[in-house]
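[1] Need a 3D model of the sequence below.
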Amino acid sequence: MVSRLGLVLATGPATGDLARACALAHAARRRGLAVELFAMHDGVRALAAAPAAVLALLDDGCEVIACATSADRAGIDLARLGVTAGSQDDHAAVTDGRHRVVAFT
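    Next up is the predicted model:
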């Protein structure tokens, strides 16, 4: 079984949490772990403010999902970012049955 890391990002661009989440994600990928990041609330704004970071995650094989409701409220086009539009069901899936979960809230 491949170990998995789930990351939840709910904080905005000013916190620096996206950079920390990306560093963890890339380190986990170097160790062969599957990585899924779910962004919600202000975390969606953090993704939109850092498209290069999002692209780097995707290029590294990370799955990046963002809450469609949060994106709609913020006027963010997730498809343009290359991010999967998701729901709280996806949030639950990212945190269920993972080897580790790190939440930035």
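[2] From here on, just use CA atoms for contacts and neighbour counts.
    Fine.
[3] Tell me where the protein is predicted with low confidence.
    Across the chain, residues meeting the criterion (pLDDT under 70) sit at 1-2, 98.
[4] can you pull the buried residues of the lengthiest helix in the chain?
    Among the elements of the chain assigned as helix by DSSP state H, the one spanning the most residues is helix 17-30. For helix 17-30, burial by neighbour count (16 or more other Cα atoms under 10 Å) applies to Asp17, Leu18, Ala21, Cys22, Leu24, Ala25, His26, Ala28, Arg29.
[5] now swap in stretch 77-85 and tell me
    Burial within stretch 77-85, assessed by neighbour count using 16+ other Cα under 10 Å, is assigned to Leu78, Val83, Ala85.
[6] want to try JSON lines for the buried residues of helix 17-30, with distance to Arg4 as columns?
    Formatted as JSON lines, these follow (distance: Cα to Cα, whole Å):
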{"residue": "Asp17", "distance to Arg4": "20"}
{"residue": "Leu18", "distance to Arg4": "19"}
{"residue": "Ala21", "distance to Arg4": "14"}
{"residue": "Cys22", "distance to Arg4": "15"}
{"residue": "Leu24", "distance to Arg4": "12"}
{"residue": "Ala25", "distance to Arg4": "10"}
{"residue": "His26", "distance to Arg4": "13"}
{"residue": "Ala28", "distance to Arg4": "8"}
{"residue": "Arg29", "distance to Arg4": "9"}
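[7] Looking at those residues, which is nearest Thr11?
    When these are compared for distance to Thr11, the smallest value, 6.8 Å, is given by Asp17; criterion: Cα to Cα.
[8] In this structure the closest one contacts Phe104, no?
    Yes. With the criterion set as Cα atoms under 8 Å, Asp17 and Phe104 qualify as a contacting pair; they are 6.5 Å apart.
[9] Phi, psi for the closest residue to Ala46 other than its chain neighbours please.
    Nearest residue to Ala46, sequence neighbours excluded (Cα to Cα, 6 or more residues apart in numbering): Pro13, at 4.2 Å. Listed backbone geometry of Pro13 is phi -60, psi -30, with angles given as degrees, to the nearest 10.
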